[in-house]
Each structure stands twice: as C-alpha cells, then as structure tokens.
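Here is my input; please provide its structure:
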Amino acid sequence: MIKLTTLNEDILYLNPFVIESIEVTPDTVIFLTNGKTIIVSDPIEYIIDECIKFYNKFNVFPFNIPKKSE
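Down below sits the predicted model:
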C-alpha cells in the first residue's frame, strides 16, 4: 500500500495494483481499475516513486535491473 493525502488532508492508503492511470490537472487525479477516481494533493512524481518502492519490495516488476557489461 502507498500512503497518499486527499485534498481535505485525510490520509489514504492505496494498493498500487488498482491504479490504471494518473492525470495531472491542478490536482493529481488517480483512475482506478474499478472505474473509481481519487483526487489527491500528492505530486505525480511522489506517487510514481512510491509505486516503484512498493513493486521493488515484492520483486513484482524489477525496476532496478542491473545492466550487463558489454
């Protein structure tokens, strides 16, 4: 789960697996796979970093693959 902040400053924990897409307007809008939408005050860079940390924790998507020497 990643920790996010709603516009009214409530804390929200979201499972990154349900994020379909993220759009940046003046606020950050997260579209979920179930059709729901969440608006948060966190910047998109923070959300992406938190998702990568989450995925790396479980080796779901190996974002830090070491490059082979040529």
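
Sketch out the low-pLDDT regions of this structure for me.
For the chain, applying pLDDT under 70 flags the ranges 61-70.

Show the residue spans covered by the strands in this structure.
2-5, 11-14, 19-24, 28-32, 37-40 (DSSP state E).

How about residues contacting the third one?
Right, the one you point to is strand 19-24. 28-33, 44, 47-48, 51 (Cβ atoms under 8 Å, 6 or more residues apart in numbering). C-beta here means a position set from N, CA and C on the backbone, and glycine is covered the same way.

how far away is I22 from N56?
Here the criterion is Cβ to Cβ, to the nearest Å. By it, I22 lies 19 Å from N56.

which of the strands of the chain is buried the deepest?
By mean neighbour count, with neighbours taken as mean count of other Cβ atoms under 10 Å, strand 28-32 ranks first of the strands of the chain at a mean of 17.

helices and strands around that one, which ones?
strand 19-24, strand 37-40, helix 44-57 (3 or more Cβ pairs under 8 Å, 6 or more residues apart in numbering; DSSP states H and E).

repeat that for 6 Å
Contact here means 3 or more Cβ pairs under 6 Å, 6 or more residues apart in numbering; DSSP states H and E; on that basis strand 28-32 packs against strand 19-24, strand 37-40.

angle of that strand against helix 44-57?
Here the directions of strand 28-32 and helix 44-57 differ by 40 degrees (axes from the mean of the first three to the mean of the last three Cα atoms, to 10 degrees).

can you list the helices and strands packed on strand 28-32 in a markdown table and add distance to I2?
Below are those laid out as a markdown table (distance: least, Cβ to Cβ, whole Å):
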| stretch | distance to I2 |
| --- | --- |
| strand 19-24 | 9 |
| strand 37-40 | 10 |
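
Quick check: which of those strands is nearest to T6?
Closest approach to T6 among the helices and strands packed on strand 28-32 (Cβ to Cβ): strand 37-40, 5.9 Å.
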